[in-house]
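*Asks:* Okay, here's the prediction I keep looking at, along with the sequence it came from:
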Amino acid sequence: MKINTSKPIIIKWINNNTIKTAIHSNYKNAIIRKCDSISFDGPHIYIKNGIHYFIDSPKTYTYEEGVELSTLCTKPQINLYIKNISDYKSIGEIGIRYGSSSKFILDNNNNLSTLDLYEINENCIEIAKERLRDYSKWRIFEGDAEETLKTNNTYYDLVFFDCSHIYEIDIEIFKSLLAHIDDKTVIIFDDYYLDDVKHLVRDVQKMIPNNKIIYKQERMK
Ligand SMILES: C[S@@+](CC[C@H](N)C(=O)[O-])C[C@H]1O[C@@H](n2cnc3c(N)ncnc32)[C@H](O)[C@@H]1O
């Protein structure tokens, strides 16, 4: 992102984070800025009159346009971990933010039968629904994943766990996830550099010692 401005930049959160949503470095990209002009060199979210629009291409906006802009980390993360997403048929993504990884899965998985998305944040849900509107084979479970995971018992052969990044929250969500997996399920944890995620992965490895657990960006090797 390039920002050219001589005016002070006003930053405020675009959403009301509930106690159960985490704030970490990527999430902090959810900002609204007011400045002389602002250019995005890739996908971004454009907010006007409270409505969120997902823009796929680079664009420059002026202050006069009266836009409120938010740049978000819209790059899919899941493709950093998996060589061939088509190896998996039934996938659960826990924490989807704006559906970037969800969209990647839908675009690149020819064998997909089910993609279940779990998200608590209303703004994220709204944007993700809009982005994924033209796709099939996905459904979204809205609310705290600890609870919404209990509302169905779909089996997942792949889980992308990318949720609150707060140990105490994520371990409870993981316990709810246990009903959806067996020892063949592959589980990916994003953001392993965070202490809470390291703690989570350590405990999960003890709970399900036979599963393949990915937390390093294998595809990058
Ligand atoms: C890092 S983002 C997910 C990024 C997404 N997986 C991707 O690759 O683009 C984490 C998401 O988890 C959501 N989240 C946090 N706590 C949650 C909870 N208890 N239940 C469901 N979603 C939650 C947040 O609202 C946020 O959108």
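*Replies:* Cool, got the structure.
*Asks:* Next one, pLDDT for the nearest residue to residue 115 once chain neighbours are set aside please.
*Replies:* Nearest non-adjacent residue to residue 115, counting by Cβ to Cβ, 6 or more residues apart in numbering: residue 138, 4.1 Å away. Backbone N, C-alpha and C define where each C-beta goes, glycine included. Looking at residue 138, its pLDDT reads 98.
*Asks:* Likewise for the one 10 residues further on?
*Replies:* The score at residue 148 is 98. That number is its pLDDT.
*Asks:* now it: how far from the ligand?
*Replies:* 7 Å (Cβ to the nearest ligand atom, to the nearest Å).
*Asks:* dump the residue contacts of the residue lying closest to residue 177 once chain neighbours are set aside.
*Replies:* The shortest distance from residue 177 to any non-neighbouring residue, by Cβ to Cβ, 6+ apart, is to residue 149 (5.6 Å). Neighbour list for residue 149: 94, 118, 141, 173, 176-177, 179-180 [criterion: Cβ atoms under 8 Å, 6 or more residues apart in numbering].
*Asks:* mind redoing it with 7 Å?
*Replies:* Residues near residue 149 by Cβ atoms under 7 Å, 6 or more residues apart in numbering: 118, 173, 176-177, 180.
*Asks:* Kindly reformat these as JSON lines containing pLDDT, neighbour count and secondary structure.
*Replies:* Listed next are the contacts of residue 149 as JSON lines, based on pLDDT from 0 to 100; neighbours: other Cβ atoms under 10 Å; DSSP: H, G, I helix; E, B strand; the rest coil:
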{"residue": "118", "pLDDT": "98", "neighbour count": "25", "secondary structure": "strand"}
{"residue": "173", "pLDDT": "98", "neighbour count": "22", "secondary structure": "helix"}
{"residue": "176", "pLDDT": "98", "neighbour count": "18", "secondary structure": "helix"}
{"residue": "177", "pLDDT": "98", "neighbour count": "25", "secondary structure": "helix"}
{"residue": "180", "pLDDT": "98", "neighbour count": "18", "secondary structure": "helix"}
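*Asks:* could you dump those residues to TSV with distance to residue 103?
*Replies:* Compiled in TSV, the contacts of residue 149 are given as follows (distance: Cβ to Cβ, whole Å):
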residue	distance to residue 103
118	16
173	22
176	25
177	22
180	22
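*Asks:* and residue 136, what element?
*Replies:* Following DSSP states H and E, there is no helix or strand that holds residue 136.
*Asks:* Give me the domain ranges for the protein.
*Replies:* 2-71, 77-214 (automatic domain parsing).
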